[in-house]
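Student: how would this look folded up:
(chains A and B)
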Amino acid sequence: MSPTSTGAPSDGACPAEWIEKARQGDLVAYQRIYDHYARRVLNFIYRMVNSVEEAEDLAQETFVTVYQKLGTLKDVERFEPWLFRIARNYVYQRYRSRPPAATSLDALDDDGRPETQLADVRKTPEESFDSLELEKVVGEAIGALPPKYREVFVLSALRRMSYAAIARIVRRSLPSVKTDIHRARLEVRRRVKGYLGVMP
Amino acid sequence: MKCAAFTAEFTAYLDQELGASRRAELEDHLSRCDECAGDLELLRGAARLVESNVPEIEPPAALWNRIQGRILPMPAPDARGPAWWDLIWSRRWLAAAASLVLLAAAGVGVRGFLARQASEDDLRRYMSEYVTTREAERRQHLEIASGAAGTPRAAETAGGTGYNPFAVRDTSSFDNPFRSEEQ
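Tutor: Residues are numbered from 1 along each chain as shown, chains lettered A, B, ... in the order given. This is a model prediction of the structure:
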């Protein structure tokens, strides 16, 4: 029996050489780092704040701060958890000023379609209709999770990070992270259970 | 082992976070427990549904331009001095050292206070003993003095004056057992 059903690949860490060069002020190297992580960081933040505009602003702050503090990073092997921890700090800073919205509203245009560029989806109109409805249901299921569960769920189920890496990012123990991921999965399953049969 | 012990591990199993022996135990249980196998399939199905229905947003080109515009005037990260939290960290050590010095000083102070208290107690005890001894001596003198004139209180009453234990008395009338007969 195959343990995993998931097809999302783990994106992996960027070469340490890029980080070393960026530390010396090499902006080309830093742009490579940005290109490598921007999508992951942006989508992590987006799932946490449910707003494309805010996600872009917070991603911008994250990458500026990362560059500023790159000289203080002691172990380049820990760059990825460090980067996500900075992104997470900005998310929680934003939570302090405004509590998280339950669902994304600004991500949809007047026809109820996402306004932003999405990953390539070529589907028939029927599939698109089902897909949009499912996306809404799934988005609401994730958005309804309390932040503590949502962050570990997004990092685990969507970003495919290891539990150890997630524990480093959220600064909690491994057993605590494992329990929270399981609880989050059960809650999401409860919310999407009725749609399991209609999956395209 | 009960089903609950396995169902709690389902997510870790799907995420390939279980050790080999635990995974083997769980798979063995799944092969014998239809309820758990069905439960796991529901969880796996929900995970698939979520993963295939979460649209990802793409970073717009303008995002890098905005970031670049802000970091371009900055010095290279390595050329910068220590970060503010490094300074706080070093100050934290300074604060810890200062706390130790304060604690040591407080210790010395408490010790001095206790020593002073002890010497004061000694002095008080000495004074108390001194007063008791003096009182006993005074009583003894009074008893001797009142040997001829009766009790001090009687002498006081007879004389009609206040009793003064230190007054010089006329001892001429006292019998002197050492007086020679010729005198």
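Student: Tell me which residue of chain B lies closest to chain A.
Tutor: B:A76 (2.8 Å; Cβ to the nearest Cβ). C-beta here means a position set from N, CA and C on the backbone, and glycine is covered the same way.
Student: Check chain A for the residue nearest chain B and tell me.
Tutor: Counting by Cβ to the nearest Cβ, chain A gets nearest chain B through A:G25, at 2.8 Å.
Student: Which positions in stretch B:141-150 come out as buried?
Tutor: Buried residues in stretch B:141-150, counting neighbours by 16 or more other Cβ atoms under 10 Å in any protein chain shown, are found at B:145-146.
Student: now stretch A:178-196
Tutor: Across stretch A:178-196, burial judged by 16+ other Cβ under 10 Å covers A:178-189, A:191-192, A:195.
Student: so which of those comes closest to B:E17?
Tutor: Using Cβ to Cβ, A:K178 comes nearest to B:E17 of those, at 7.0 Å.
Student: dump the residue contacts of that closest one.
Tutor: A:163, B:11-12, B:17 (Cβ atoms under 8 Å, 6 or more residues apart in numbering or on different chains).
Student: name the helices or strands packed onto the helix ranked longest in chain A?
Tutor: With residue count as the measure and DSSP state H as the assignment, chain A has helix A:27-49 as its longest helix. Applying 3 or more Cβ pairs under 8 Å, 6 or more residues apart in numbering or on different chains; DSSP states H and E, we find helix A:27-49 packed against helix A:16-23, helix A:52-69, helix A:79-97, helix A:147-153, helix B:61-71.
Student: Now for the most centrally placed residue in chain A: which residues touch it?
Tutor: Centroid check for chain A by Cα atoms, centre = their mean gives A:F44 as the closest residue, at 1.8 Å. Taking Cβ under 8 Å, 6+ apart, we find A:F44 in contact with A:84, A:87, A:154-155, A:158-159.
Student: same thing but at 10 Å, please
Tutor: A:F44 makes contact with A:37, A:55, A:58-59, A:62, A:83-84, A:87-88, A:91, A:151, A:154-155, A:158-159, A:161, A:169, according to Cβ atoms under 10 Å, 6 or more residues apart in numbering or on different chains.
Student: now swap in A:M48 and tell me
Tutor: Per Cβ under 10 Å, 6+ apart, neighbours of A:M48: A:54-55, A:58, A:87-88, A:90-92, A:94-95, A:100, A:142-143, A:147, A:150-151, A:154-155.
Student: now do 7 Å
Tutor: A:91, A:147, A:150-151, A:154 (Cβ atoms under 7 Å, 6 or more residues apart in numbering or on different chains).
Student: Tell me which residues of the longest helix of chain A come out buried.
Tutor: A:27, A:29-34, A:36-49.
Student: Stretch B:32-44 now?
Tutor: Applying a neighbour-count criterion of 16+ other Cβ under 10 Å, one finds B:36, B:39-40, B:43-44 buried in stretch B:32-44.
Student: from the middle of its chain, how far away would that stretch be?
Tutor: Its chain's C-alpha centre and that of stretch B:32-44 lie 55 Å apart, by Cα atoms, centre = their mean, to the nearest Å.
Student: name the helices or strands packed onto the worst-scoring helix or strand of chain A on mean pLDDT?
Tutor: The helix or strand of chain A with the poorest confidence is helix A:125-143; it has a mean of 79 (mean pLDDT, DSSP states H and E). Under the contact definition 3 or more Cβ pairs under 7 Å, 6 or more residues apart in numbering or on different chains; DSSP states H and E, helix A:125-143 sits against helix A:174-192, helix B:34-52.
Student: Quick one: neighbours of B:A136, just the number.
Tutor: Using other Cβ atoms under 10 Å in any protein chain shown, B:A136 has 10 other residues around it.
Student: Check for me that it belongs to a helix.
Tutor: Yes: B:A136 sits within a helix when classified using DSSP: H, G, I helix; E, B strand; the rest coil.
Student: Enumerate every residue touching the closest residue to A:V154 other than its chain neighbours.
Tutor: Using Cβ to Cβ, 6 or more residues apart in numbering or on different chains and skipping the chain neighbours, the partner closest in space to A:V154 is A:R47 (4.5 Å). By Cβ under 7 Å, 6+ apart, the contact list for A:R47 reads A:142, A:154, A:158.
Student: Number of residues surrounding the second one?
Tutor: Pointing back at A:V154 there. 22.
Student: got a list of what it touches?
Tutor: A:44, A:47-48, A:142.
Student: do the same with the last one
Tutor: For A:L158, the contact set (Cβ under 7 Å, 6+ apart) comprises A:47, B:54.
Student: if we can go back for a sec, which one, of the helices and strands packed on helix A:125-143, ends up nearest to B:R138?
Tutor: helix A:174-192 (81.0 Å).
Student: which intervals of chain A have sub-threshold pLDDT?
Tutor: A:1-11, A:100-129, A:198-200 (pLDDT under 70).
Student: care to break the chain down by domain?
Tutor: I went with chain A, as the question did not name one. With domains defined by automatic domain parsing, chain A comprises A:1-106, A:118-200.
Student: Switch to chain B, please.
Tutor: Listed by automatic domain parsing, the domain ranges of chain B are B:3-52, B:89-174.
Student: Packed most tightly, which of those would that be?
Tutor: Highest mean neighbour count of those: domain B:3-52, a mean of 16 (counted as mean count of other Cβ atoms under 10 Å in any protein chain shown).
Student: And chain A, is that one touching that?
Tutor: Yes: against chain A, domain B:3-52 shows contacts by Cβ under 7 Å from any Cβ of the partner chain at B:8, B:11-17, B:23, B:27, B:42-51.
Student: Identify the residue nearest A:S173 in space, chain neighbours excluded?
Tutor: Distances taken as Cβ to Cβ, 6+ apart place A:A167 nearest to A:S173, at 6.5 Å, with adjacent residues excluded.
Student: No further questions, thank you.
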